[in-house]
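**Q** structural data only, the sequence is not supplied:
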Ligand code: SF4
């Protein structure tokens, strides 16, 4: 018997890259906590990371290879993949095949996928969902620094006196970093400016929020650049010693910024607010400008990145403690993917595919038969080419493009049309796996071994602490087995991920001679034990810096000729598609606090399901009034590309003219909730990153004739496939599922609809109440004195508190409960309201009651009374807002 010991690993979700400790619990369980020794998080975790131990079950997992939907075995499936790819290449050439991979892959997986496509198939058609996430930052870094480098580290976020967050809702999307910023506010009075078209949990804690007109960031930073120059606040000696192109960039910036008024008008801001920001920046040496998807996901994303970097290199605010431009990476291993060149316009180890010397170097190192000699197809172009029939075989690894890409209807058509689609994934049913000819079961988090690199260039180990379930295998193994069957066995004969990492590290130092900062060659000789014990380390890791490098460019030393950074001459240009009379609003999209990507993992965790259990569209009060929308009702959102239905949240934090929808819902858990159906596919001309945050849209009430919610223990993990249901969405509870449903035509028979939704269930006690006049219908199935299912229907959405009925699941139903269900009258205090604190399942009503009855007047007292906010802290910004609404502070 092997003793189970605590294992240190890294979070599966965002680019913060928090360290975790998985500790055995009971015979087979695991408890996941924050690693106090990991420099990224020092023990802190957010709501998603805290719930990772609840994602280790096997429900919904793909556990064996499948061919055409039928269970198969590895030999047959791998042979088929290798045969089809080989035959397609032979008949149509290497450009006819493609891989679409993921920032969720480990670096070792990414390395072999990239090596197979670029060095052995001989095309560069490997792109990744990181294209949707941070490819504009990559392009901006390369243009400015000569290499894709995030210069600083997380300590800079602690040490900065001014944090500028651009297009980043860090409180929800990088919560642990946000908590570090909050701590810096308390410890040394760090100030925060948030530049974002919408008010968010992050902007609410800021000294200044600039609700910028969508897409105008270049003008705002060009304005800052010009203002700094006019005020004599640029660093002339830094500019002359370490940069090129200052004058041309300043001249271009002046086009956007002839006056502060011009900039304020263009950006839709108050002059005094804009000036305040400029003065704060100008007066503070230690400034970090952190940016995320609001900058990257734009048709001018690369220019936005360079407009920001221009201001930092003009003032020498880079490479030193507490200052610098800082790209916050979305995914856990987007940075690792960049290191191995896992995108269509890159080569491995930060080398350029457009550079013949680099291609020769990599080919020589790999001893490969062919080498891709041109850039491959970036994500949007790749699926367009597939739609035209040019890509005939596709392998998707660990991602869900049928949900996440823009104009996703077109993407699904392309996938359906592609001759041969392979998907390796941990989940059996996703919108993408539906298209697969071959499904390959991949190992999930906790089952695989390798490394990831976070936003601050820190490489950490992700470790296996559970056995491989069923026939699942690590991605690197699957890729190498296919490569072997394609005839490339010698080059892919790795015994383990450590061997792959050693090769990756060796390539980074191969003929490098200081030409590329990405150099981890000091790790190239690690044996398995050293690899296993590798402590989190920041690259470069070389013989002169064997313990890593916290900051790059401390005194210039950029990867450009003569070591100089480049100013980029950029001018503002409008987003690709503009609102008009038919589509007068701008649709913005993004993440919510407790969900991750397309919910394949977080959507299965009850603790994370009820902070936001359905797609919510945020609308300003003015737009709600103009469009006759009611808070809590359903609305139809239309763009030129498609339609979605979502619940309306009228929010003072939204600026008129702009609406916001979350990205997470898919066809597997909702009808018409997929934001990818709506979003246009305009891309940045340099980075190829799609403009996911700016699509002209319109919104109108969805005229529901009936609403219902179904709470059921026996929920099939599928859509309620019943005529007349336009809207449904499923949330996973603890031992039950909750469906919200609606239709625009009143059912001919409410009881027949109830029978269809509840299904036959012999041997249950049925409670039924109907009031046809008022349109109130309540049905409950009781089995063994417990609630088995419950269906509440009516003409109004405000049927009954869901939280009350959810609290009855799994407990003995009393006579009083039966009466309450039939009467539609919940017990006093039973409605806890929408979940605010996921860790302890504390709802809004519980918190407001606590404030009303005087048990608490501030966050600390709420924590003492209810525990809310005392674990991961992800809900603290919302708690602050709730307290402020009840106890406004004097101005
Ligand atoms: Fe994971 Fe949350 Fe840390 Fe991101 S901030 S790495 S999601 S625990």
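**A** Sure thing, it's come through. Only a predicted model underlies this, so the values are computations on that prediction, with no experimental measurement involved.

**Q** what is the burial count for the residue nearest to residue 810 when sequence neighbours are not counted?
**A** With sequence-adjacent residues excluded and distances taken as C-beta to C-beta, 6 or more residues apart in numbering, residue 810 is closest to residue 735, at 5.8 Å. For the C-beta atoms, the positions are set from N, CA and C on the backbone; glycine is no exception. Using other C-beta atoms under 10 Å, residue 735 is surrounded by 12 other residues.

**Q** isn't residue 735 right up against residue 809?
**A** Yes: counting by C-beta atoms under 8 Å, residue 735 does reach residue 809; the two are 6.1 Å apart.

**Q** what touches both of these two?
**A** Common contact partners of residue 735 and residue 809 (C-beta atoms under 8 Å, 6 or more residues apart in numbering): residue 713.

**Q** now do residue 436 against the ligand, distance only.
**A** 28 Å (C-beta to the nearest ligand atom, to the nearest Å).

**Q** can you check residue 448 too?
**A** Residue 448 is 17 Å from the ligand, by C-beta to the nearest ligand atom.

**Q** model confidence for the residue nearest to residue 317 when sequence neighbours are not counted, exactly?
**A** Leaving aside its chain neighbours, residue 317 sits nearest to residue 323 (4.2 Å; criterion: C-beta to C-beta, 6+ apart). You'll see residue 323 listed with a pLDDT of 98.

**Q** how about residue 323, what does it touch?
**A** Counted by C-beta under 8 Å, 6+ apart, residue 323 has contacts 152, 156, 160, 285, 286, 287, 288, 312, 317.

**Q** pull out the buried members of these.
**A** 152, 156, 160, 286, 287, 288, 312, 317 (16 or more other C-beta atoms under 10 Å).

**Q** in strands, which of those appear?
**A** Using DSSP state E, the members of the buried ones among the contacts of residue 323 that fall in strands are 287, 288.

**Q** I'd like the buried ones among the contacts of residue 323 as a markdown table, with pLDDT appended.
**A** Below are the buried ones among the contacts of residue 323 laid out as a markdown table (pLDDT from 0 to 100):
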| residue | pLDDT |
| --- | --- |
| 152 | 96 |
| 156 | 98 |
| 160 | 98 |
| 286 | 98 |
| 287 | 98 |
| 288 | 98 |
| 312 | 98 |
| 317 | 98 |
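
**Q** count the neighbours of the residue in the chain positioned nearest to the ligand for me.
**A** Per C-beta to the nearest ligand atom, residue 49 is where the chain lies closest to the ligand, at 2.3 Å. For residue 49, the tally of surrounding residues (other C-beta under 10 Å) stands at 26.

**Q** by contact count, what packs against whichever strand or helix holds it?
**A** According to DSSP states H and E, residue 49 maps onto helix 47-50. Here helix 47-50 touches strand 29-34, helix 606-609, going by 3 or more C-beta pairs under 8 Å, 6 or more residues apart in numbering; DSSP states H and E.

**Q** swap the cut-off to 6 Å and go again
**A** With contacts defined as 3 or more C-beta pairs under 6 Å, 6 or more residues apart in numbering; DSSP states H and E, helix 47-50 has no helix or strand neighbours.

**Q** what pLDDT, on average, does the helix or strand that comes right after it get?
**A** Next helix or strand after helix 47-50 toward the C-terminus (DSSP H and E): strand 66-67. Taken as a whole, strand 66-67 carries a mean pLDDT of 98.

**Q** no further questions, thank you.
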